[in-house]
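Enquirer: here is a sequence together with a model predicted from it:
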There are 4 protein chains.
Amino acid sequence: MKLWSGRFKENTNELMDLFNASIDIDSRLYKEDIEGSLAHSQMLSKIGILTSDEYKQIENGLIEILSDIENNRVEFKVTDEDIHMCIESLLIEKIGVVGKKLHTARSRNDQVAVDLRLYVKKEVKKIMLLTLQLMEALYQKANDNVEVIMPGYTHLQRAQPIRLSFYLMAYFSMLKRDYIRFSNAYQLMDSMPLGAGALAGTGYETDREYLKEILGFDSIMENALDAVSDRDYVIETSSDIALGMMHLSRLAEEIVIYSSKEFDFFALSDQFSTGSSIMPQKKNPDAAELIRGKTGSIYGNLISLLVMMKGLPLAYNKDMQEDKKQIFEATDNYKISLEIMAKMINTMTFKEDKMYMATKEGFLNATDLADYLVSFGIPFRESHEIVGNLVAFAIDNNLTLEDISLDKYKEYVIDIDEKVYEILDIKNCVESKKSAGSTNKKSVLKMLENASKWLEEK
Amino acid sequence: MKLWSGRFKENTNELMDLFNASIDIDSRLYKEDIEGSLAHSQMLSKIGILTSDEYKQIENGLIEILSDIENNRVEFKVTDEDIHMCIESLLIEKIGVVGKKLHTARSRNDQVAVDLRLYVKKEVKKIMLLTLQLMEALYQKANDNVEVIMPGYTHLQRAQPIRLSFYLMAYFSMLKRDYIRFSNAYQLMDSMPLGAGALAGTGYETDREYLKEILGFDSIMENALDAVSDRDYVIETSSDIALGMMHLSRLAEEIVIYSSKEFDFFALSDQFSTGSSIMPQKKNPDAAELIRGKTGSIYGNLISLLVMMKGLPLAYNKDMQEDKKQIFEATDNYKISLEIMAKMINTMTFKEDKMYMATKEGFLNATDLADYLVSFGIPFRESHEIVGNLVAFAIDNNLTLEDISLDKYKEYVIDIDEKVYEILDIKNCVESKKSAGSTNKKSVLKMLENASKWLEEK
Amino acid sequence: MKLWSGRFKENTNELMDLFNASIDIDSRLYKEDIEGSLAHSQMLSKIGILTSDEYKQIENGLIEILSDIENNRVEFKVTDEDIHMCIESLLIEKIGVVGKKLHTARSRNDQVAVDLRLYVKKEVKKIMLLTLQLMEALYQKANDNVEVIMPGYTHLQRAQPIRLSFYLMAYFSMLKRDYIRFSNAYQLMDSMPLGAGALAGTGYETDREYLKEILGFDSIMENALDAVSDRDYVIETSSDIALGMMHLSRLAEEIVIYSSKEFDFFALSDQFSTGSSIMPQKKNPDAAELIRGKTGSIYGNLISLLVMMKGLPLAYNKDMQEDKKQIFEATDNYKISLEIMAKMINTMTFKEDKMYMATKEGFLNATDLADYLVSFGIPFRESHEIVGNLVAFAIDNNLTLEDISLDKYKEYVIDIDEKVYEILDIKNCVESKKSAGSTNKKSVLKMLENASKWLEEK
Amino acid sequence: MKLWSGRFKENTNELMDLFNASIDIDSRLYKEDIEGSLAHSQMLSKIGILTSDEYKQIENGLIEILSDIENNRVEFKVTDEDIHMCIESLLIEKIGVVGKKLHTARSRNDQVAVDLRLYVKKEVKKIMLLTLQLMEALYQKANDNVEVIMPGYTHLQRAQPIRLSFYLMAYFSMLKRDYIRFSNAYQLMDSMPLGAGALAGTGYETDREYLKEILGFDSIMENALDAVSDRDYVIETSSDIALGMMHLSRLAEEIVIYSSKEFDFFALSDQFSTGSSIMPQKKNPDAAELIRGKTGSIYGNLISLLVMMKGLPLAYNKDMQEDKKQIFEATDNYKISLEIMAKMINTMTFKEDKMYMATKEGFLNATDLADYLVSFGIPFRESHEIVGNLVAFAIDNNLTLEDISLDKYKEYVIDIDEKVYEILDIKNCVESKKSAGSTNKKSVLKMLENASKWLEEK
């Protein structure tokens, strides 16, 4: 018999029970549900609705149930409907009629709201920690490889030579923004919904400030109708995950490309590679591909949540039950992706020679040459065109810019001399970048120093 | 030890095993995987790669494994990686070295491709059947309620009176298109990928026509590279489900609105309603809300698949492993939604009086009046404006159009007479619609007749 | 001739010009592009790369171009490619060879990055302002209607009576979170990318701190590769808009439902309603429907951006050109939706009587009755069931709970007396909610006071 | 004054006019709107509602308006609301009171429904044609390059050598499915909505069969309520475009990767490449990147449409106005992407030597070796492991499989002889694939032959 069945004459259809139940998903909230019920009963005791003896019975009952669940002594059934009804039923079973008093001055909407918020808060904290771990991995590799030069790309075409550290620290910067974004989301969600009743508040003089303290929230939600209708924190967390996963997908794509035979810049550890069932030679970057692939799933979680909430009238609607699956999936996938990525970076080898050799072909010094011509009083737009012509000439004659004779250069710039070959030296091209935030050594060391400080402070 | 580990020196990292494994998801394909392996070994035997004795051993082994799985005698482990590797390992364990011959002339990419296609084909067939059942439910209720009149809405504002049957048959029409769309998708996916090898075909003269016959496909896929890269059928099925679910979400929304106290047109059976943990009077249309809510999930599945496949180079990439979770979820949710909706319709009651009364207020006969004025030679645009003014007059004086005096009408149309009140009669408004496909009785009976014939032919 | 054509031998294909050009979209950034170029040239002058005379020429040229554009004296052509190339070309045309010096020490990637960031920053500020205006509108209506009672709903079923103010202030709370979220996004994006060069920094000792001051940023981006690759702020703004629009879609849905003849709670001003081309009586809530409909478009913008950025290698890729259309559309649609919603609220009328009458039917006092029974020592779960039975009895006999005789009540609770009818009084049900954040008058006045303070501080 | 303003007392707010108007978007439907009105008036004349003189006046008026619009003599204004109201107003202006008769027996919902369907039908036909053109381009290049060998990839790791033709024909296969999918969608949408009135049919005995003939539809829609509510064809077209664009995004990604300096397999024509504003050497595959990037936009269009339609009650709601922008954008972007891709393929050069050389490294012959060992009676799983070990040995000693001595091979397979080196020859690896649909010459020629026949039949 359902706990809410007073006014019903027919039993719920079996398929409906199955369809309606969320216990297979929300049983994951058992800890938060018990946490919430413990706090609620403690508060009821404080304001005299429960005697201290009743409270003790409820507390002991709940703690036993927690232990039962954690030791697999509870089997969740579809007829339990959801984790809230299930735990309440278990309590009544365990301690009898006193258990029926627990639900005074609260509603299931209340419970859903506070349980999920407690859960998401914890997840966001974990994500922040895992983000730091990946940042640490990137920082370490960047710090260890300051002297390594690689091609920088735009449009996947070789563009300018850069330091590997500089490249890795670009991802560090992205993750730092992610960290701040999650931290902002955390603050915004750190407000307690419990005490909203069904939608209008409750007829008891509950002490929500006390609840807030016990449950570790920063503030209480100001409007009960909003409190039971609000899933902003779920969507915001999902949005932040989508954005963070986009960053991981970019790094993953580059790991795949840079591990190809053709690029051959990065070598993944065997620990994070897999083989083929048919092709004995294969060593595949499966982990990176999976992270890239899971990006689809994570975008899907976000869109699912947004669609679900679109146009829903206040306050609670059953549609909102579907939120949990999405946010559980998104946080699970994101956490493991962050962790795998960190380990993949930690165990990865960089093929310095291959990377350096790759900077030699593809005219990566062309911009430096153009900049150099400017020093002869040629406007940049013209020097750009001159170098464009020289590149075309070099391609036709299968030369690099370094191979072109001084006489040829003089055809364009009469005053040019041997110094041009210094300018064209790849290492010089890296060091010659002088602006703040550029790829030269001093600038990269500065980034590393800032990063190190920032990490220490966390 | 992995079956593909010949060239590897380090073991796979444990977390990587967990991340990489798909067994928790794709174990659901055990039947199709065994079906594919049975066909493959039968073919290998036909072309002489397996002796008939070897084939018998493999066949028996596979059939035993099927029975073991179905009787819960197999526990899938993360280290099994996926269902294909798992079943192959079980086979080798069971029948020894002969089992190692099964994988001749095929690849895992091959297996993934054929298993999932077999699975999706079956799912689409089930969806088509469930679509028919919902159509049948709608048809029955439409057939039983030809005389029931209700308001038709645009912008959720009362627009014109219509038959309930006419309303229900609008959904029948949508579902008919859905049925055809799934049928088209089925035909397009009914082509066999098996025999593609890793990506380039195999070095054996396999008999793919024979495989096609055994596995019940309509044709074989023409290009091996395409065969292992193709997930079109997964996406097309997911698209068709999204479109079908959109239809269900509209019906669900109307069930929610029409079951509200304010509309009070539809009464859901207790069997498909639920109560509140706190408010004893509540009877909520949870099933309809859940269908509406699951629309978000189903849209998310589609976008996940599309994102996952975006920009993937040929042929197989590990990203594609994520396809199964999405399509399993989409088909599961859609099938149960169709089934629940059919049962909800079957057990629903229509409150004829409430619906009829609702047609009386809101000037639902205004268009008929405007059309009638046209018969006095007034261009439609002008008659529209006249009726608009009369409506404004009626609102100000708290009247219906039927309440307005003939004298008042004559102010606008000198020749008008008592017949105007016949025109304004709601039942007349329904019957007066004369065009093909309109809400009048003859037209609705025609729809019902066509529907009945169409259903019979399926 | 393209400004970058030095190394090319064939002209760009015409269709390619059309496909490649973004001028039809990004011409909207003309002001920011000129702003960026003015700052860049000023900085070049400060560090001695431009003489002060050259700088003056460039400055004057750019200011003239700004004026030309704003007075429609410039016609953008597809061959201009984008707004950056276009303005540079115009400058060279106008002031000759000196104009060719402007592009020293910067790249188009730089320009795209700084222009769009300047633009999005302004848009976010506008959105914050419009959010405040809608909050103000809600606050005013809430403040004016503290005594108005309406049904509160869950599952679109009448649940408990609430104050209209309480209802309106729930949306106020949502919008307040939106405001904070945009403010967080603003802070995170307030870092200057200019000076990144193509991807690696520039070969000039540019003064990025100076640029930062002129352009009004809070900090400079620390890594050039990140600076040209970063579109986080575009996605974060788009996410925040999607979440905000979800809120508007809920309010819009309720406006549509509450304006229906059946509910008849809200009356829209004629100014924000429209009619039908065929049905003269119709008055449709088009504005609310459009806001609800545009939610689709805004979700689409977000997913487009996320998909576009997925798996893109560093640094700039042409795919990123597609970002502007999406963010322009999202901000445009959101700004006008906020503005229309505020005006719709401002001009809306509330039908107090209809709303109050609606609280009378539907057993909205059932929870209060259940809570009351608890005071007789009955555990809540049992009192809930008793009231459920009483509701069923009332429905069967077409009664309200107030209509049930005291004798009947005594069958369930022997000690009950006349006071039960006070408890059942709807106004009492509203006032009896005593918890913080509930719908009683004191609590709602507190919300209003806090809101008023908060608005004043902005 | 609005054509529907009879019952309104206040004018529409200016911002509301702007928000509500769709003329900036739907003016694109002017041709279809006039086409629909011509057919409608011709039918009205046939059934005697218009005299033949009235019809002539309307016909001439409409034809003039068409010409006015096409010669830019009409300026659309926001106050025109939409293209339907605009053209009706123009007609009344032009021919006076007779123009007011045009709207007899139809509604704007009717017009929206038929106009958009006519438009989408045309677009789908164009897409089918452009799909054929791209298929033709792929076929031509495949036909011209049957002897060219390249590496086939899985996980972007070299897997097995394949023919370039085989690779190109994989895309041909995808596009063939796309073609069939669009053709199915076309058939399903080829049913005429006109004559549905507002939602319930019209009060006139209209001849919808006649309308169907004039307007070139295959059937008439059977239910008026469905006719005005149905946007399935918009969503189905958008879904099919999303799937097709996914294919183009894969090809685009490969073009980008294969055009990188590191792969260097494909050379794009200068006509379809662009340069950099700062780096003179750059030649970027912008067209391919844009196609990949526009995939995001096209996915966004689909999700926008699905979200817009989710949970909308019947029949017309203003939300549906947002459909046009999405489908216009999706079809425009898809058409130009197909066209650009065809031209890019047509003008592309394949670097045969580079591709062939790439097959030499990376052990692409390992599967062939494993298959060969099977002929010595070794089960495939064991031969796979042996070859895995040999690959590891080769990597350690910087050898290819061809370089390994016969003695070394004999350590694993005592009976092996010199023939192993034949087996390892790359060209042999390609030809040795014997299964139907594989990469060997005979099989590829068969694909080409089938393709050629199929193209001819279209």
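Expert: Arrived safely, thanks for sending. Being a predicted model, the structure only gives us computed values, none of them experimental. Residues are numbered from 1 along each chain as shown, chains lettered A, B, ... in the order given.

Enquirer: hey, let's count contacts and neighbours off CA atoms from now on
Expert: Fine.

Enquirer: helix or strand: which one has the closest residue to residue A:415 other than its chain neighbours?
Expert: Nearest non-adjacent residue to residue A:415, counting by C-alpha to C-alpha, 6 or more residues apart in numbering or on different chains: residue A:376, 7.7 Å away. Using DSSP states H and E, residue A:376 maps to neither a helix nor a strand.

Enquirer: equivalent analysis for residue A:239, please.
Expert: Using DSSP H and E, residue A:239 falls in helix A:232-258.

Enquirer: how about the helices in the stretch 351-458 of chain A?
Expert: A:352-360, A:366-374, A:380-396, A:406-412, A:419-424, A:426-431, A:441-457 (DSSP state H, counting those that start in this stretch).

Enquirer: hang on, residue A:273 packs against residue A:287?
Expert: Yes. With contacts counted by C-alpha atoms under 8 Å, residue A:273 reaches residue A:287, the gap being 6.9 Å.

Enquirer: please name the residues that touch residue A:441.
Expert: Neighbour list for residue A:441: A:146, A:431 [criterion: C-alpha atoms under 8 Å, 6 or more residues apart in numbering or on different chains].

Enquirer: where does it land on pLDDT?
Expert: Per-residue confidence (pLDDT) for residue A:441: 96.

Enquirer: ditto for the one 4 residues further on
Expert: Per-residue confidence (pLDDT) for residue A:445: 97.

Enquirer: about what we covered before: hey, which of the helices of the stretch 351-458 of chain A is tucked in deepest?
Expert: helix A:366-374 (a mean of 24; mean count of other C-alpha atoms under 10 Å in any protein chain shown).

Enquirer: show me what it is packed up against.
Expert: With contacts taken as 3 or more C-alpha pairs under 8 Å, 6 or more residues apart in numbering or on different chains; DSSP states H and E, helix A:366-374 sits against helix A:380-396, helix A:419-424.

Enquirer: pLDDT of stretch A:286-303, averaged?
Expert: Rounded mean pLDDT across stretch A:286-303 is 97.

Enquirer: so how far is it from its chain's centroid?
Expert: Here the centre of stretch A:286-303 is set off from its chain's centre by 11 Å, with C-alpha atoms, centre = their mean, to the nearest Å.

Enquirer: export it as CSV, just CAs?
Expert: Provided in CSV are the C-alpha atoms of stretch A:286-303 (Å, rounded to 0.1, in the frame of the first residue of the first chain):
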residue,chain,number,x,y,z
ASP,A,286,41.5,4.6,-26.5
ALA,A,287,41.4,6.7,-23.3
ALA,A,288,41.7,10.0,-25.2
GLU,A,289,39.1,8.8,-27.7
LEU,A,290,36.7,7.9,-25.0
ILE,A,291,37.1,11.3,-23.3
ARG,A,292,36.3,12.9,-26.7
GLY,A,293,33.4,10.5,-27.2
LYS,A,294,32.0,11.1,-23.8
THR,A,295,31.8,14.8,-24.6
GLY,A,296,28.7,13.9,-26.6
SER,A,297,27.1,12.2,-23.6
ILE,A,298,27.9,15.2,-21.4
TYR,A,299,26.4,17.6,-23.8
GLY,A,300,23.4,15.4,-24.0
ASN,A,301,23.0,15.5,-20.2
LEU,A,302,22.9,19.3,-20.3
ILE,A,303,20.4,19.5,-23.1
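
Enquirer: quick one: it near chain C?
Expert: Yes. Part of stretch A:286-303 sits near chain C under the criterion C-alpha under 8 Å from any C-alpha of the partner chain, namely A:292, A:295, A:299, A:303.

Enquirer: sec struct for the closest residue to residue A:59 other than its chain neighbours, please.
Expert: Spatial nearest neighbour of residue A:59, excluding adjacent residues (C-alpha to C-alpha, 6+ apart): residue A:38 at 6.2 Å. What DSSP: H, G, I helix; E, B strand; the rest coil gives for residue A:38 is helix.

Enquirer: contact partners for residue A:38?
Expert: Contact analysis of residue A:38 by C-alpha under 8 Å, 6+ apart lists A:58-59, A:62.

Enquirer: could you identify which of those residues has the most neighbours?
Expert: Counting neighbours by other C-alpha atoms under 10 Å in any protein chain shown, residue A:58 comes out on top of the contacts of residue A:38 with 27 neighbours.

Enquirer: touching the helix or strand hosting it from outside, list them.
Expert: In this assignment (DSSP H and E), residue A:58 forms part of helix A:52-70. Around helix A:52-70, the neighbours that count as contacts under C-alpha under 8 Å, 6+ apart are A:30-31, A:34, A:37-38, A:41-42, A:45, A:74, A:87, A:90-91, A:94-95, A:98-99, A:102.

Enquirer: which other helices and strands contact the longest helix anywhere in chain A?
Expert: Counting by DSSP state H, the longest helix found in chain A is helix A:108-144. In terms of contacts (3+ C-alpha pairs under 8 Å, 6+ apart), helix A:108-144 is packed against helix A:30-46, helix A:83-95, helix A:164-189, helix A:224-229, helix A:232-258, helix A:323-346, helix A:441-457.

Enquirer: orientation of it relative to helix A:164-189 in degrees?
Expert: Between helix A:108-144 and helix A:164-189, the angle comes out at 160 degrees (axes from the mean of the first three to the mean of the last three C-alpha atoms, to 10 degrees).

Enquirer: closest to residue B:194 out of the helices of the stretch 351-458 of chain A?
Expert: Set against residue B:194 and scored by C-alpha to C-alpha, the helices of the stretch 351-458 of chain A come closest in helix A:352-360, at 39.2 Å.

Enquirer: flag every buried residue along stretch A:29-41.
Expert: Using 16 or more other C-alpha atoms under 10 Å in any protein chain shown as the test for burial, stretch A:29-41 gives A:29-41.

Enquirer: need the nearest residue in space to the residue in the stretch 51-200 of chain A positioned nearest to chain D, chain neighbours excluded.
Expert: Relative to chain D, the nearest point of the stretch 51-200 of chain A is residue A:157 (5.5 Å; C-alpha to the nearest C-alpha). Using C-alpha to C-alpha, 6+ apart and skipping the chain neighbours, the partner closest in space to residue A:157 is residue D:260 (5.5 Å).
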